[in-house]
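K.L.:
Would you be able to build a 3D model of this:
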Amino acid sequence: MSGQTERTAPLRVAVIVASTRSGRFGPTVAGWVAGRAARRSDLEVEMVDLAETGLPERLVDEGEPRPPQVVALSRRLAAADAFAVITPEYNRSFPAALKTAIDWYYEEWQAKPVTFVAYGRDSGGLYAIDQLRQIFTELHAAVLSDAITLPRYWDLFAADGSWPKASADCNTALPTVLDRLAWWARALRDARAAHPYTRRQA
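P.N.:
Presented below is the predicted three-dimensional model:
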């Protein structure tokens, strides 16, 4: 692929479904985000459902071979230019499956933008987002200040059972979040191509 083609190619956004619980609501939220993102000509969306990746809970030591499931997801994350993490809030935090997925990888997150769409009770996932911002910053990702919280998300069902209802504030918020995610994804993709990102060792 030529440099010009790479600069004009759609940005690859991985929409990560963090919940693995039975009866989870995450796929509904992720489908909404992915559907809106797919309408844009500048974005190419891939759904990464942690319930289907089969990542082991036990991490290997440095220098040990990684399990094939970890290698397979590594390729998908490495190919992404940006991430949208869809997470519930459990007990003022986020699911263990998401922390495991984050900790399996390092370079895959580096110098790429990350935004969050969280859902929960009255906080709407704010506590989960606050913790995830700290973690992804430590991993040298570019964490957007723009995110979406969905307090009492069950109130956003329309009369016909669809979600979210047309009057929900999140419908107005999401285009701005995607705009800024795309801006940072493009800027950082160009920067990585010109100057590969390396973390200075302590």
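K.L.:
use CA for all of it now, contacts and neighbours both
P.N.:
Will do.
K.L.:
Quick check: buried residues in stretch 83-98?
P.N.:
By 16 or more other Cα atoms under 10 Å, the buried positions in stretch 83-98 come out as 83-90, 93-95, 97-98.
K.L.:
cool, and stretch 32-43?
P.N.:
Residues of stretch 32-43 classed as buried: 32-34, 37, 43 (neighbour count, 16+ other Cα under 10 Å).
K.L.:
Also stretch 179-187?
P.N.:
Counting neighbours by 16+ other Cα under 10 Å, stretch 179-187 gives 180-182, 184-186 as buried.
K.L.:
can you check stretch 160-175 too?
P.N.:
Across stretch 160-175, burial judged by 16+ other Cα under 10 Å covers 163-165, 168, 170, 174.
K.L.:
quick one: residue 174 is in a helix?
P.N.:
Yes - per DSSP: H, G, I helix; E, B strand; the rest coil, residue 174 lies within a helix segment.
K.L.:
mind listing what the nearest residue to it once chain neighbours are set aside touches?
P.N.:
Excluding its sequence neighbours, the residue lying closest to residue 174 (Cα to Cα, 6 or more residues apart in numbering) is residue 148, at 7.3 Å. Residues near residue 148 by Cα atoms under 8 Å, 6 or more residues apart in numbering: 116-118, 170, 173-174, 177.
K.L.:
for residue 13, same thing?
P.N.:
43-46, 80-84.
K.L.:
Serialize these to CSV and add fields for pLDDT, distance to residue 125 and secondary structure.
P.N.:
Shown next, in CSV, are those (pLDDT from 0 to 100; distance: Cα to Cα, whole Å; DSSP: H, G, I helix; E, B strand; the rest coil):
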residue, pLDDT, distance to residue 125, secondary structure
43, 98, 26, strand
44, 98, 26, strand
45, 98, 23, strand
46, 97, 23, strand
80, 98, 24, coil
81, 98, 24, coil
82, 98, 21, strand
83, 98, 17, strand
84, 98, 14, strand
